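Build me a model:
(2 chains)
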Protein chains: 2
Amino acid sequence: MCPFRSSLPTVRTSAFIDISYKITKKVIGFMELERFFSEQVKAMRSSEIRDLLKITEGREVISLAGGLPDPSTFPREDIKKIAEDIMDKNWERALQYTATGGVEEFKKQLISLSSLRGISKIREENLFVTVGSQEALYMLANLLIDPGDQVAVEMPTYLAALNAMRLRKPNFLGVELTEEGANLDQLEERAKKTRGKLKLFYTIPTAQNPGGVTMGLEGRKRLLEIASDYDFLVVEDDAYGFLVFDGDAPPSLKALDTEGRVIYTSTFSKILAPGFRLGWVVAEPEVISKLEMMKQNVDLHTPSFTQYIAAEAIRRGVIQSNFPKVRAIYKRKRDVMLDSLEAHFPKSASWSRPKGGMFVFAKVSEKLDTGILLEEALRKGVAYVPGASFYHDFSGRNTMRLNFSFPPEEKLREGIRILGDLLKEKL
Amino acid sequence: MCPFRSSLPTVRTSAFIDISYKITKKVIGFMELERFFSEQVKAMRSSEIRDLLKITEGREVISLAGGLPDPSTFPREDIKKIAEDIMDKNWERALQYTATGGVEEFKKQLISLSSLRGISKIREENLFVTVGSQEALYMLANLLIDPGDQVAVEMPTYLAALNAMRLRKPNFLGVELTEEGANLDQLEERAKKTRGKLKLFYTIPTAQNPGGVTMGLEGRKRLLEIASDYDFLVVEDDAYGFLVFDGDAPPSLKALDTEGRVIYTSTFSKILAPGFRLGWVVAEPEVISKLEMMKQNVDLHTPSFTQYIAAEAIRRGVIQSNFPKVRAIYKRKRDVMLDSLEAHFPKSASWSRPKGGMFVFAKVSEKLDTGILLEEALRKGVAYVPGASFYHDFSGRNTMRLNFSFPPEEKLREGIRILGDLLKEKL
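Below you'll find the predicted structure:
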């Protein structure tokens, strides 16, 4: 017996029934689908960076636009060996479904990796594995933001985080950057003006993307005091925390957090390989359990196979012992870019001098709009990201983000020379 | 020069300013975070299956609850060889960021794989790669459903799809299953009653999860006629399309779609390895471009490394030549489960006789509630999924889903015997 009723004879009933509610077909053959899309789709913005990457695909363009790691930083031989070993010894679990929050062995290793950013006293229940830190940012936006909520962001800040938050329709409060990170007086003023309604501050305190600035220890302590005084959450994006090459990175905000107020996220994209799409969150178990519920809906879990690879890469010290090499490569490339900017950019321009990360952020004459300039730059063979994309209010129209991590050194020099010449020509 | 203003001297200003808007700290030390969560969080339901998997983790329980493939179906040696070859020859691209919609080589192979389900005349622009088909279902729910929209679903249907759709707060219209798939007269009646407002029908026409039924070719044709007549979209979940072991699977709905009305999704979880978390969508370019915009927010792209592995597994015929083995294993296990049900379940029970997939769906006496019975079953050493989770209205309280793909044959027999004894004891 089948538990379902047998179907009725397959009479083509629709030919006989009242057709008054039938829709007149609007098209012959393939139909127009736009009308089926949700309201949310209208709030979506395509990432300018990703679109740019597409434009430049397969063309002879020097791209200062993306945020790709230098492939020479990938510990290729180690990854190959680890993948082989996993397929020999742990294949069954690496190929099978796993827990939504992440592979247990990986979480154990993440405790050790996070400790390098000063984060101590955490357990597996404080950890959550995501498909890159982008998924963490997306899920946190959904978890924490209702339409109209007050959300503070740096000006400029990471555009894909902005876009993920935009879907939730918050009221953004901009906090300008200083040479020492977010302007904390301004943050406090913003918090005060919301009369206790500021819900969270999204910040990239270390090697800020795109701003290139790093907040010092004193600033970090004060930021947490302000968050405590005005009772808001801090979402700390530590994507570049392991990539500080001038001196030591200050401890993460999470390391200084005594109230469970900081939700920390970082990524393997810059320290192992972006192709694995691995990120993680450190937060209170209350937050982790909500992330877990959400991720069951989004994608069930992050791929197991790559989690096992990354766990082994930490356990064997592959990632840790790779840091000096990665930092040296990026420091040299940063220097090449700064020297080239000095040599070729007009005197009216200014730019960040990042102690870490992958980007220089430049401000050109206010007479110029880098969004308009881009097409000409692409025609001359150079891509960059117009700065307006990094501002919640699309201001900063005379700024641009320049990537130094991916292009070879000679291309960095050539790209900046071409851009400098174009800027001078336009002034 | 830095483009950002120097910060003001780091005076601890918050001590001096008006504190009237400061929040009184509610807790000493670690704080309560519940109040920061969004409204959406309240709409989230944890997946009963995932929670169950957790309960049974590391315990001596025969799990008929999950939907795990039999590990002996994983083409382990082939995957190992492919991973090695990729790390030798294509490591730079496999470890790097890739396009949001998927790796081009993978999409080419997906055209070939989809053709085995009858889908022809598609190009790369019709394809989109996701983190398992769960991510496809989640994104499609966000893309297509606004609160209050009319959405038809089968009763029962895949619970993680239901949960993903629930976040969008649709008005669900239930369509009962017959032995030949969804009751199409009922679907038509539902469509008619909405006066043209039915937006989409989510269906699993082949080896339905959990119902175990498969819609025949004539039913498929009529379904598409109804969709056309009443102008709604069809989201076809073809997770088990390659896993039909009694006779040939009918072509997918997408294969019969002449209007671009069907959005197709399938997964590598049952035909290669779930640990890779790979799924794909076949749809009109209009839909694909919206998926792309959404995925830029969600996780930028699906891991590159595993996409290259799956592409090679198709190109080398590893997946295709594995089908007979996979089907034979599941057919045998299905038979073991059906025989055991016949031997041990009470006469008042009925169950599906699936021609494919991984599950049998059983209906027990209406006097029993399988949700309440579960705790006792777990104590006796058997897990299953109570059927109510698979109904949008949580009806079907006397039903249960039984997985036959994962447990070894002797465990299947033992598990069904224990369950049967428990059912008889309760009657």
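
interface residues of the stretch 301-427 of chain A facing chain B?
Taking Cβ under 8 Å from any Cβ of the partner chain as the measure of proximity, the stretch 301-427 of chain A contacts chain B at A:301-306, A:350-353, A:361-363, A:399. Placement of C-beta: from N, CA and C, glycine included.

Report the two of these separated the most.
A:304 and A:350 (47.1 Å; Cβ to Cβ).

who's more crowded, those two?
residue A:304 (27 against 16; other Cβ atoms under 10 Å in any protein chain shown).

Need the phi and psi values for that one.
Its backbone dihedrals place residue A:304 at phi -70, psi -50, with angles given as degrees, to the nearest 10.

How many residues are close by the residue nearest to residue A:83 when sequence neighbours are not counted?
In this structure, residue A:83 finds its nearest non-sequential neighbour in residue B:83, 4.8 Å apart by Cβ to Cβ, 6 or more residues apart in numbering or on different chains. Around residue B:83 sit 24 other residues, with neighbours defined as other Cβ under 10 Å.

Doesn't residue B:83 belong to a helix?
Yes: secondary structure assignment places residue B:83 in a helix (DSSP: H, G, I helix; E, B strand; the rest coil).

and the most centrally placed residue in chain A, how far is that from residue B:243?
With distances taken as Cα atoms, centre = their mean, residue A:134 lies nearest the centre of chain A, 4.8 Å away. Separation of residue A:134 from residue B:243 (Cβ to Cβ, to the nearest Å) stands at 32 Å.

Make sure the residue nearest to the centre of chain A is actually in contact with residue B:300.
Yes: with contact defined as Cβ atoms under 8 Å, residue A:134 reaches residue B:300; the gap is 4.7 Å.

shared neighbours of those two, anything?
With contacts taken as Cβ atoms under 8 Å, 6 or more residues apart in numbering or on different chains, residue A:134 and residue B:300 have residue A:160 as neighbours in common.

separation between the residue nearest to the centre of chain A and chain B?
For residue A:134, the distance to chain B under the criterion Cβ to the nearest Cβ, to the nearest Å works out to 5 Å.

residue contacts, that residue?
Each residue near residue A:134 by Cβ under 8 Å, 6+ apart is listed here: A:160, A:164, A:279, B:297-300.

Please tell me which one of these counts the most neighbours.
Top of these by neighbour number is residue B:299, holding 29 neighbours under the definition other Cβ under 10 Å.

Report the separation between that one and residue A:389.
In terms of Cβ to Cβ, residue B:299 sits 19 Å off from residue A:389.

what's the answer for residue A:340, then?
23 Å.

Check residue A:419 too.
Residue A:419 sits 17 Å away from residue A:389, going by Cβ to Cβ.

The two: which is more packed in?
Counting neighbours by other Cβ under 10 Å for residue A:419 and for residue A:389 shows that residue A:419 has the greater number, 29 against 24.

any idea whether that one is helix, strand or coil?
Strictly by three-state DSSP, residue A:419 counts as helix.

how about the nearest residue to it, chain neighbours excluded?
Leaving aside its sequence neighbours, residue A:419 sits nearest to residue A:382 (Cβ to Cβ, 6+ apart; 5.4 Å).

and that neighbour, what pLDDT?
Residue A:382 carries a pLDDT score of 95 in this model.

And stretch A:127-147, what's buried?
Of the residues in stretch A:127-147, those buried by neighbour count under the rule 16 or more other Cβ atoms under 10 Å in any protein chain shown are A:127-145.

Let's see which of those end up in helices.
Secondary structure of these is defined by DSSP state H; positions in helices are A:132-144.

hang on, residue A:399 packs against residue A:366?
No: the pair formed by residue A:399 and residue A:366 falls short of the contact definition of Cβ under 8 Å, at 10.3 Å.

Cheers, nothing more for now.
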